[in-house]
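> Next input, structure requested:
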Amino acid sequence: MTKYIFVTGGVVSGLGKGITAASLGALFKARGLKVFVQKFDPYLNVDPGTMSPYQHGEVFVTDDGTETDLDLGHYERFIDESLNRLSSVTTGIIYSKVLADERKGVFLGQTVQVVPHITDEIKRMVYTASQEVNPDIQIIEIGGTVGDIELLPYIEAIRQVKLEKGNNSVLFIHTTILPYLKTSNELKTKPTQHSVKMLMGEGITPDFLVLRADMSIPEDLKCKISKLCAIQKEKIISLPDLDNIYEVPLVLYQQKMDTLICKIFKLDRKIDIRRWQTLIDKSHHIEHEITVAIVGKYVALEDAYLSIKESLRHAGFNLKTKVNIDWVNSEELHETNYKKRLKHADGILVPGGSGITGINGKILAIKYAREKNVPFLGICLGMQLAIVEFARNVLKIKDADSTEFNPHTDNPIIDYLPSQYKKIEIGKTMRLGVYQCNLKPKTKVAKIYGVKSIMERHRHRYEFNNQYLDAFAEKGMVFSGVNPATNLVEIIELTDHPHFIATQFRPEFKSRPIQPHPLFVSLVTAILTNKASKK
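The predicted structure is shown next:
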């Protein structure tokens, strides 16, 4: 029987509910348990696919093509499992389903209300996941903060889940903050007291408290919170700020949080935490240091490129290398300054994106990487612009462009070409989710992956125009990865360059701290080799 853990947050947002949920999932996985994680977001958007990164950070994409909140990326990275559509639930999805059912007459003329119809649909999404996936433990993060109006149906729904499933199958974890007052040199517990009181007023008594603070929580403070919040002291978990989020599982493990939960759930499994200990040990024994310039238009908001940032860290851990990121605003790169701005970069990465803003700056960065033999990785839009740059400066097709930016170009090197999609369903204008890519033998990527065929996730609309294949090949561009069903180009590379590789897919979505993605490992390796050759 599936056991349910609900994670809520109080006082302020951004306390790390997702990291807490993901870290617990990692500990349960280390016990050999089957884990599934869900995120319930209270916003009315159906998904974050059309939301600005400034609103919600990056859009993470699962194998089945579901566009989700960035927390799902953390879940996958920590529990090393591919999630799916059942992992991402929004109020938009809930209300859309209930309203569609009302129009179909499913409710037989009833007055449709938040309770019971919306709350029943929320519970249905919880139970559907447990039925389809059949996990030992299902962790459900409730987005937002207790006290938010839009959160009330979720709180009521999870209260009912405990009534239906029983105390030995459901528990609640509440994450709050203990602010530090410098003037009085003390951590304040009052916000936590109020948050727990508010949650209890809505019918839920948390089983565990995870307390965020600048420092570890003193024992006397835990005793105080225990008495005032009616929670056993050993179930009050201190989670101080850490430089490395991948240390969180070990911090929770050291406080026996997973052991206490397994005792409540009567799950008797031994834990093997060695993989996480090895990972953290590597991160503490750094031998090299490099700088990678990420050139994009959302660099003021690092969460817009969260998975890329983490993927570089994963590769760095594996190679005992500290990867410093130089966030370069592509809008600020011009013909007069791009060489000086990029001069100190050991490697250059141009990530995915959309829209014309900052495009010329990204093209200049790609040109610099190609001409100066700086190790380069282009992702999605980064690949498309690498092709445009090559067309303009090597093939001398000066008006080469993408129809995304210039619909009337005479040379649509990058285009939306339905004729190339063949088996892809008509009407779907974006490639989302996992697709196959066959690797050309004896190419760099074939060596990097070590296999003949790969499956990678996509989130894009425009493709390389195959009419130009021969012209590019004659000038030395290698099309080293191709979708076998559609003949769409997936990977390009240059043979006469230390590392010039670009992909149509999004490799960052499949990287894990314990299993870094091969393309990020190859980029960091090339940078280290390049630096060593210059000494």
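
> does R77 really touch A22, like I thought?
Yes: using C-beta atoms under 8 Å as the test, R77 is close enough to A22 to be in contact (7.2 Å). Placement of C-beta: from N, CA and C, glycine included.

> neighbour-wise, which of these two wins?
Between R77 and A22, counting by other C-beta atoms under 10 Å, A22 is the more crowded of the two (28 against 24).

> So that one versus T403, what's the distance?
39 Å (C-beta to C-beta, to the nearest Å).

> Return the distance of the lowest-mean-pLDDT helix or strand in the chain from the chain's centre.
Least confident element among the helices and strands of the chain, by mean pLDDT, DSSP states H and E: helix 53-56 (a mean of 78). Its chain's C-alpha centre lies 13 Å from the corresponding centre of helix 53-56 when counted by C-alpha atoms, centre = their mean, to the nearest Å.

> Show me what the next helix or strand after that helix is in contact with.
Toward the C-terminal end, the helix or strand that comes next after helix 53-56 (DSSP states H and E) is strand 60-61. The contact list for strand 60-61 (C-beta atoms under 8 Å, 6 or more residues apart in numbering) reads 67-70, 72-73, 307, 432-433, 457-459, 506, 509.

> swap in stretch 435-448?
For stretch 435-448, the surrounding residues in contact (C-beta under 8 Å, 6+ apart) are 449, 451-458, 478-485, 490-491, 493, 495, 499, 501, 505, 518-519, 521-522.

> Check the separation of the first and last residues in that stretch.
Across stretch 435-448, the straight-line distance between its terminal residues is 19 Å, by C-alpha to C-alpha, to the nearest Å.

> same thing with stretch 34-49?
Between the opening and closing residues of stretch 34-49 lies a distance of 29 Å (C-alpha to C-alpha).

> Now do the helices in the stretch 51-200 of the chain.
Remark: helices assigned in the stretch 51-200 of the chain by DSSP state H, counting those that start in this stretch are 53-56, 71-79, 91-104, 119-133, 152-165, 190-201.

> Alpha carbons of the first one, as PDB, please.
So the one you mean is helix 53-56. C-alpha atoms of helix 53-56 as PDB (Å, rounded to 0.1, in the frame of the first residue of the first chain):
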ATOM      1  CA  PRO A  53      10.900  32.700 -17.000                       C
ATOM      2  CA  TYR A  54      10.800  35.800 -14.800                       C
ATOM      3  CA  GLN A  55       7.500  34.500 -13.400                       C
ATOM      4  CA  HIS A  56       8.500  30.900 -12.800                       C
END
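
> how about that helix: buried residues?
Along helix 53-56, the positions that meet the burial threshold by neighbour count (16 or more other C-beta atoms under 10 Å) are 53, 56.

> ok, the residue of the chain most remote from its centre - contacts?
Centroid-distance maximum for the chain: G109 at 42.1 Å, with C-alpha atoms, centre = their mean. By C-beta under 8 Å, 6+ apart, G109 lies in contact with nothing.

> which outside residues touch the helix or strand that contains G382?
Secondary structure here is read from DSSP H and E; on that basis G382 sits in helix 381-393. Helix 381-393 is contacted from outside by 349-354, 359, 362-363, 366-367, 370, 376, 378, 397-398, 400-402, 411, 413-414, 460, 462, 464, 468, 472, 475, 477, 491-492, 500, 502-504, using C-beta under 8 Å, 6+ apart.

> From those, list the buried ones, please.
349-353, 359, 362-363, 366-367, 370, 376, 378, 397, 400-402, 411, 413-414, 460, 462, 464, 468, 472, 477, 491-492, 500, 502-504.

> Give me the neighbour count for the closest residue to I348 other than its chain neighbours.
Residue nearest to I348 in three dimensions, not counting chain neighbours: A369, with 4.3 Å by C-beta to C-beta, 6 or more residues apart in numbering. For A369, the neighbour count with other C-beta under 10 Å is 28.

> and what of E371?
When neighbours are counted by other C-beta under 10 Å, E371 registers 12.

> With V482 instead?
When neighbours are counted by other C-beta under 10 Å, V482 comes out with 18.

> My guess is W327 contacts T291. True?
No: W327 lies out of contact with T291 (C-beta under 8 Å); the separation is 11.0 Å.

> tally of neighbours for L488?
The criterion is other C-beta under 10 Å. On that basis, L488 has 22 neighbouring residues.

> Quick check: bridge partners of the nearest residue in space to it that is not next to it in sequence?
Distances taken as C-beta to C-beta, 6+ apart put E463 closest to L488, at 5.3 Å, once the chain neighbours are dropped. Beta-bridge pairing of E463 under DSSP bridges involves D415.

> Name the surrounding residues that touch stretch 243-259.
Where contact means C-beta under 8 Å, 6+ apart, the residues beyond stretch 243-259 that reach it are 16, 19-20, 23-24, 26-28, 30-31, 74, 78, 208, 234, 237-240, 242, 271, 273, 276-277, 279-280, 283, 317, 513.
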